[in-house]
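*Asks:* Show me how the following folds:
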Amino acid sequence: MAREGPYGFELEMYVFVDFSVVCSDLSIEEISETLELTPTEIVRKGDVLCEYKSKPFRSDTNLWRFSSEGKVRSNNLYNHTEWMVNQLFGKTPSFNRLKSKDAHLDLRLHIYSSEDTAFGFLTIETIKLLAQLDIEFSFDVSFVDFNHRIEDEEDDLVVSR
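*Replies:* Model (predicted):
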């Protein structure tokens, strides 16, 4: 049985697309200025990612993330991908500047399904546009129980967000 998700969709499948830049040598502000975009999530070098048995684990790099999550009112992967491509198209010179500073750029298409199957499609035109961006893209397909609450099995584990 599916439960209601964002925007009233029943959650049998939940999708979004995100673009991330990981770099130790550039600040979050420099990445934002180069891309002329505002990130939806950041992790700064040195931020505590989690604590385990009172020992903090810190990020050794900066993470700049821009997501379609909450911006595209659809559970269709194609709609999220098209939106993201429109946001990123024409920014190849900016991508090249970031890559010259040893930044890693990644576009990830996320599909979370509570069913036995997950699906999504990209048109040939979209794939051609993705290729023109000259950045890596990958798929994250996960099968989850949207009704299950994850409880920390270890009392000492604290995750920071």
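
*Asks:* burial of Asn76, as a residue count?
*Replies:* When counting by other CB atoms under 10 Å, one arrives at 13 neighbours for Asn76. Glycine gets a C-beta too; all of them are placed from N, C-alpha and C.

*Asks:* which one is it nearest to, not counting chain neighbours?
*Replies:* Spatial nearest neighbour of Asn76, chain neighbours left out: Val15 (7.0 Å); criterion: CB to CB, 6 or more residues apart in numbering.

*Asks:* The one you found and Leu129, how far apart?
*Replies:* From Val15 across to Leu129, the span is 18 Å (CB to CB, to the nearest Å).

*Asks:* next one: Tyr78
*Replies:* Taking CB to CB, one finds Tyr78 at 12 Å from Leu129.

*Asks:* repeat for Ser138
*Replies:* 16 Å.

*Asks:* out of these two, which sits in the more crowded spot?
*Replies:* Taking neighbours as other CB under 10 Å, Ser138 and Leu129 compare with Leu129 leading, 17 against 9.

*Asks:* wait, that one sits on Val85?
*Replies:* Yes: judged on CB atoms under 8 Å, Leu129 makes contact with Val85 at a distance of 5.0 Å.

*Asks:* mind listing the strands for the chain?
*Replies:* Under the criterion DSSP state E, strands of the chain are mapped to 3-4, 10-11, 13-23, 41-43, 48-52, 55-58, 62-67, 104-113, 136-143, 157-159.

*Asks:* which one of the ones you listed has the lowest average pLDDT?
*Replies:* Among the strands of the chain, strand 157-159 carries the lowest mean pLDDT, a mean of 46.

*Asks:* Would you mind finding the longest helix in the chain?
*Replies:* In the chain, with assignment by DSSP state H, the single longest helix is helix 77-88.

*Asks:* angle of that helix against strand 62-67?
*Replies:* Taking axes from the mean of the first three to the mean of the last three CA atoms, to 10 degrees, one finds helix 77-88 and strand 62-67 inclined to each other by 120 degrees.

*Asks:* Show me what helix 77-88 is in contact with.
*Replies:* Residues outside helix 77-88 that contact it (CB atoms under 8 Å, 6 or more residues apart in numbering) are 15-19, 37, 66, 68, 71-72, 74, 107, 109, 111, 120-123, 126, 129-130, 133, 135.

*Asks:* And that helix, how far out from the chain middle?
*Replies:* Distance, stretch centre to chain centre, for helix 77-88: 13 Å (CA atoms, centre = their mean, to the nearest Å).
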